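Novice: Model the structure of this input:
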Amino acid sequence: MKRVEAVISNEKVLELNEALKKAGVGGCTIFESRGRGKGAKPVVESGRGTSRYVSEFSVRANVLTVIEDSQVEKVVNTILATVSTGSAGDGKIFISSVNDAVDIGTKKHGEAAISSG
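Specialist: Residues are numbered from 1 along each chain as shown. Just a heads-up that it's a prediction; the model follows:
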C-alpha cells in the first residue's frame, strides 16, 4: 500500500476530489494547512482594507489517500492533470509506503482495510 499526499492550492480541492472519485479512489482526507516555500508570498489586506502586508505563510490544502500499489501511477497522473498549471507553487506530491492499515469498525487489516467502506 502507498500513502499519497498532495499539497495543493485551496482553489483546486473540489475539482481534485471529483477527479479522484472518477479515478476510483475510495476515500481521501482533506485538510487546510499553511506553509512556506520558495514562491511568492501572498499579500493580505487588513480587516478594514486600509493596509496590506506580506503574509509569512500561504494557505494550502493537503489531500491524503492510501491506495493499493497498482493505483499509484493513475492517482499521481490524475493529481497532475487536475491541479498543475505549469507554474512554480502548484504544490507537491509525496508518496510513501504503508506497512499496514486497520479498519477500526471491521477490524480488517491491510488492503482489505482500505477497500472496506
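Novice: Show me the helices in this structure, by range?
Specialist: Here the chain has its helices, by DSSP state H, at 13-22, 72-83, 111-115.
Novice: want to try a markdown table for those, with mean neighbour count and distance to residue 29 as columns?
Specialist: The C-beta positions use only the backbone N, C-alpha and C, and glycine is treated the same way. As requested, the helices of the chain are exported to a markdown table (neighbours: other C-beta atoms under 10 Å; distance: least, C-beta to C-beta, whole Å):
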| stretch | mean neighbour count | distance to residue 29 |
| --- | --- | --- |
| helix 13-22 | 15 | 11 |
| helix 72-83 | 16 | 14 |
| helix 111-115 | 16 | 12 |
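Novice: which one of those helices lies closest to residue 7?
Specialist: Nearest to residue 7 among the helices of the chain is helix 72-83 (9.9 Å), distances taken as C-beta to C-beta.
Novice: Poorly predicted segments of this structure, please.
Specialist: By pLDDT under 70, the low-scoring segments of the chain are 39-44, 46-47, 49, 53, 116-117.
Novice: Do you have the strands of it handy? List them.
Specialist: In the chain, the strands defined using DSSP state E lie at 2-9, 29-35, 43-45, 52-54, 58-67, 91-97.
Novice: Turn the ones you listed into JSON lines, columns for distance to residue 20 and mean neighbour count.
Specialist: Below are these laid out as JSON lines (distance: least, C-beta to C-beta, whole Å; neighbours: other C-beta atoms under 10 Å):
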{"stretch": "strand 2-9", "distance to residue 20": "10", "mean neighbour count": "19"}
{"stretch": "strand 29-35", "distance to residue 20": "10", "mean neighbour count": "11"}
{"stretch": "strand 43-45", "distance to residue 20": "30", "mean neighbour count": "10"}
{"stretch": "strand 52-54", "distance to residue 20": "33", "mean neighbour count": "10"}
{"stretch": "strand 58-67", "distance to residue 20": "7", "mean neighbour count": "20"}
{"stretch": "strand 91-97", "distance to residue 20": "12", "mean neighbour count": "12"}
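Novice: I'd like the ones you listed written out as a markdown table, with distance to residue 110 added.
Specialist: Converted to a markdown table, the strands of the chain look like this (distance: least, C-beta to C-beta, whole Å):
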| stretch | distance to residue 110 |
| --- | --- |
| strand 2-9 | 13 |
| strand 29-35 | 19 |
| strand 43-45 | 45 |
| strand 52-54 | 47 |
| strand 58-67 | 11 |
| strand 91-97 | 13 |
